[in-house]
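Enquirer: coords below, sequence missing:
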Ligand SMILES: [Zn+2]
């Protein structure tokens with residue numbers, strides 16, 4: 001990501017980044033203006049006290065007007081497309097490639113929705129991750145950011161946790177991925193307090209899981225099938241499959257702890 005010049009994005013850079021996104025917030029041009037209104041409405045709902053997690057509202061969104069229908073899935077898809085290009089098509093945490101691979105690409109809430117519902121549709125709070133990072137991070141409190149504020153924290157306030165939209169990855173984390181005919185190992189090193197926090201709380205676990213899976217041919221083959229299925233399903237909500245995936249993740253995590 002190199003859309004900002006300094007250590008953090010400036011206010012002016014953030015404004016122009018948000019404007020650029022809003023211009024492509026729907027793949028169909030005639031729906032862009034209405035999409036902006038719908039997003040602003042959800043944004044206000046999320047921040048009204050008591051705070052509301054509006055992410056499921058976006059999933060259910062089906063806005064019919066004389067110009068046509070706008071679905072929440074289309075808004076998510078346009079967001080994913082825009083942000084992935086800003087992330088060089090890689091996972092925002094582990095930097096695995098997310099194009100031309102069978103990895104699903106969930107939209108990741110940097111400050112988790114469970115703890116920060118007021119930011120459930122906040123532009124700066126969303127990034128795109130791989131499924132492994134997304135499921136390993138869920139519901140963990142991310143740093144020491146206030147849970148009661150209506151204002152999204154400024155970039156400078158993320159002093160003890162890594163923020164994929166506000167920090168430049170290369171300033172904070174270095175990784176080395178080694179692959180041989182039959183083995184894959186990834187080593188992550190944190191270069192700053194934020195990078196070390198990311199390694200401790202997420203990346204070391206993701207790397208251990210990758211080693212466990214990729215170095216066992218039977219498990220590797222099974223996971224490949226699962227990932228292909230997930231990527232094909234896209235944003236379709238598959239309750240039972242998701243429950244199975246969560247149980248599988250939990251048992252793999254138990255093995256590496
Ligand atoms: Zn990842």
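Expert: Arrived safely. On a predicted model such as this, the values are computed, not experimentally measured, just so you know.

Enquirer: Looks like residue 22 contacts residue 36 (just checking).
Expert: Yes - with contact defined as Cβ atoms under 8 Å, residue 22 and residue 36 form a contacting pair (5.4 Å). All C-beta atoms are positioned from the backbone trio N, CA, C, and that covers glycine.

Enquirer: Looking at those two, which is more packed in?
Expert: Between residue 22 and residue 36, residue 22 has the larger neighbour count (other Cβ atoms under 10 Å), namely 17 against 14.

Enquirer: Just the element for the more buried one, please.
Expert: When secondary structure is defined using DSSP states H and E, the element that contains residue 22 is helix 11-23.

Enquirer: Could I get the average pLDDT for that helix?
Expert: Model confidence over helix 11-23 averages 95 on the pLDDT scale.

Enquirer: can you check stretch 109-120 too?
Expert: 94.

Enquirer: for stretch 250-257, same thing?
Expert: Here stretch 250-257 scores 71 as its mean pLDDT.

Enquirer: ok, and for that stretch, which residues are buried?
Expert: Judged by neighbour count (16 or more other Cβ atoms under 10 Å), stretch 250-257 contains these buried residues: residue 252.

Enquirer: ok, back up a step: helices or strands next to whatever helix or strand comes next after the helix holding residue 22 in the packing?
Expert: Towards the C-terminus, the helix or strand next in line after helix 11-23, according to DSSP H and E, is helix 32-47. Counting contacts by 3 or more Cβ pairs under 8 Å, 6 or more residues apart in numbering; DSSP states H and E, helix 32-47 is packed against helix 11-23, helix 55-60, strand 62-65, strand 68-71, helix 72-86.

Enquirer: any idea which of those is most buried?
Expert: Among the helices and strands packed on helix 32-47, ranked by average contacts under mean count of other Cβ atoms under 10 Å, first place goes to helix 72-86 (a mean of 18).

Enquirer: Where does the prediction get shaky in the chain?
Expert: Per-residue confidence for the chain (pLDDT under 70) gives these ranges: 1, 100-103, 138-143, 234-237, 256-257.

Enquirer: Next, name the residue at the spatial heart of it.
Expert: The centre of the chain sits closest to residue 108, judged by Cα atoms, centre = their mean, with a distance of 2.3 Å.

Enquirer: Pull the contacting residues for that one.
Expert: By Cβ atoms under 8 Å, 6 or more residues apart in numbering, the contact list for residue 108 reads 92-93, 126-129, 133-134, 137, 164.

Enquirer: The helix or strand containing it: what's the following helix or strand?
Expert: Residue 108 is part of strand 107-109 when elements are defined by DSSP H and E. Proceeding C-terminally, strand 107-109 gives way to strand 126-128 as the next helix or strand, assigned by DSSP H and E.

Enquirer: so what strands line up beside that following strand?
Expert: Strand 126-128 has the following sheet partners, assigned by DSSP bridges: strand 107-109 (antiparallel).
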